[in-house]
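Chemist: Got a predicted structure here, sequence first:
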Amino acid sequence: MTESSSIKWRQLANELRAKIQDGTYPPGSTLPQLKTYSRELGIHHETVRAAYKELEREGLVRTIQRKGSVVLEPPVRRRITRGVTVTRDPARGYVFPAASRPDEPWQVHGQPFRKVVPAPAEVSDQFGLDPGSEVLRRRRVTSPAGEPPFQLVDTWLSPDAVQSAPRIAEPSPGPGGYLDRLEEAGHGPIEWEETFRIRMPDREEAKLLEIAVSIPVLETTIVGTSALTGKPIEVTIRVIPGDRVELAGKLQRGDSAQWPVDPVEPPETAA
């Protein structure tokens, strides 16, 4: 692409960005069809394509097959104060540190489903299975009420877990969910360990979260280990668009960082 065409697509991206921000193109609307718009502007269609791609990289639009470039809702950034305490709600069961506030209603997008599918390597490794082994996955997409999809949550349950607590494979495992059923089957108290990483989403994840594939995501993985066997029995992977979340935590002083600082005695000098 020449320097002149580079300047043109950047100018066009700036103009379209301003129109999205002032409501000329509101959320849910579609930018003009690429070739029609290029003829209207008297510029090459690749210049228009480059401008659209830039807006997609910024998370302002998403390309949807047979629809075009659809303007997205502005992301709502939510703060997650990362604690290490798992609490319990009598109505919901275990509650892990998350971006929700007490009593805040959440909604499910689409239909949650469960299916036995080939597990990713990180899951099969945890369960001690061969690569590509089929494992029960429970999947749901959720968000605070009225907001676009906030997180894609996959819970993988080991074959041993399903065998010992068959109700976890049902659509509704009952009060307290699958974790209560596992602990009732003798695996409690379950211990959990959580890890984080930043990565790019695959196309299916981007579609379910309604984001562009160019938007990084935060992935958190919680591995639950059975007290009965000492082995992982459940792995929950949560994927959150990177522009919708920020992590926060309170720093504490260690013993060596207390204030006021103890005075340092000057070294003795030889007489």
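Modeler: In hand now; what should we look at? Numbers count the residues shown, from 1 in each chain.
Chemist: Any buried residues in stretch 125-132, and which?
Modeler: The neighbour-count criterion (16 or more other Cβ atoms under 10 Å) identifies Gln126, Phe127 as the buried residues of stretch 125-132. Glycine gets a C-beta too; all of them are placed from N, C-alpha and C.
Chemist: Over to stretch 168-176?
Modeler: By neighbour count, and taking 16+ other Cβ under 10 Å as the criterion, the buried residues in stretch 168-176 are Ile168, Ala169, Pro173, Gly176.
Chemist: Pro26 versus the second one, what's the distance?
Modeler: So that's Ala169. With the distance defined as Cβ to Cβ, to the nearest Å, Ala169 ends up 43 Å from Pro26.
Chemist: again, but for the last one
Modeler: Look at Gly176 and Pro26: by Cβ to Cβ, they are 42 Å apart.
Chemist: gap between whichever strand or helix holds Lys35 and the chain center?
Modeler: Counting by DSSP states H and E, the element that carries Lys35 is helix 34-41. Once both centres are worked out by Cα atoms, centre = their mean, to the nearest Å, helix 34-41 turns out to sit 36 Å from its chain's centre.
Chemist: For that helix, name the packing helices and strands.
Modeler: Counting by 3 or more Cβ pairs under 8 Å, 6 or more residues apart in numbering; DSSP states H and E, the packing neighbours recorded for helix 34-41 are helix 45-57.
Chemist: Need the CA coordinates for the helix it packs on. PDB is fine.
Modeler: Coordinates of the C-alpha atoms in helix 45-57 are reproduced here as PDB (Å, rounded to 0.1, in the frame of the first residue of the first chain):
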ATOM      1  CA  HIS A  45     -12.200  -0.500  -2.100                       C
ATOM      2  CA  GLU A  46      -9.000  -1.800  -0.500                       C
ATOM      3  CA  THR A  47      -8.700   1.600   1.100                       C
ATOM      4  CA  VAL A  48     -12.100   1.300   2.600                       C
ATOM      5  CA  ARG A  49     -11.300  -2.300   3.700                       C
ATOM      6  CA  ALA A  50      -8.200  -1.100   5.500                       C
ATOM      7  CA  ALA A  51     -10.200   1.600   7.400                       C
ATOM      8  CA  TYR A  52     -12.800  -1.000   8.400                       C
ATOM      9  CA  LYS A  53     -10.100  -3.400   9.600                       C
ATOM     10  CA  GLU A  54      -8.600  -0.600  11.700                       C
ATOM     11  CA  LEU A  55     -12.000   0.000  13.400                       C
ATOM     12  CA  GLU A  56     -12.300  -3.800  14.000                       C
ATOM     13  CA  ARG A  57      -8.900  -3.900  15.600                       C
END
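Chemist: okay, the angle between that helix and helix 34-41?
Modeler: Orientation of helix 45-57 against helix 34-41 (axes from the mean of the first three to the mean of the last three Cα atoms, to 10 degrees) gives an angle of 120 degrees.
Chemist: who's in contact with the helix or strand that comes right after helix 45-57?
Modeler: Heading C-terminal from helix 45-57, the first helix or strand you meet, by DSSP H and E, is strand 61-64. Among residues not part of strand 61-64, those counted as contacts by Cβ atoms under 8 Å, 6 or more residues apart in numbering are 20, 31, 52, 55-56, 69-72, 206, 210-212.
Chemist: Out of those residues, give me the two with the largest separation.
Modeler: Ile20 and Ala206 (19.3 Å; Cβ to Cβ).
Chemist: Could you list the domains of the protein?
Modeler: 3-71, 78-248 (automatic domain parsing).
Chemist: tell me the average confidence for the longest one?
Modeler: Per-residue pLDDT values across domain 78-248 average out to 91.
Chemist: What's the end-to-end length of that domain?
Modeler: Looking at domain 78-248, the gap from its leading to its trailing residue is 10 Å under the measure Cα to Cα, to the nearest Å.
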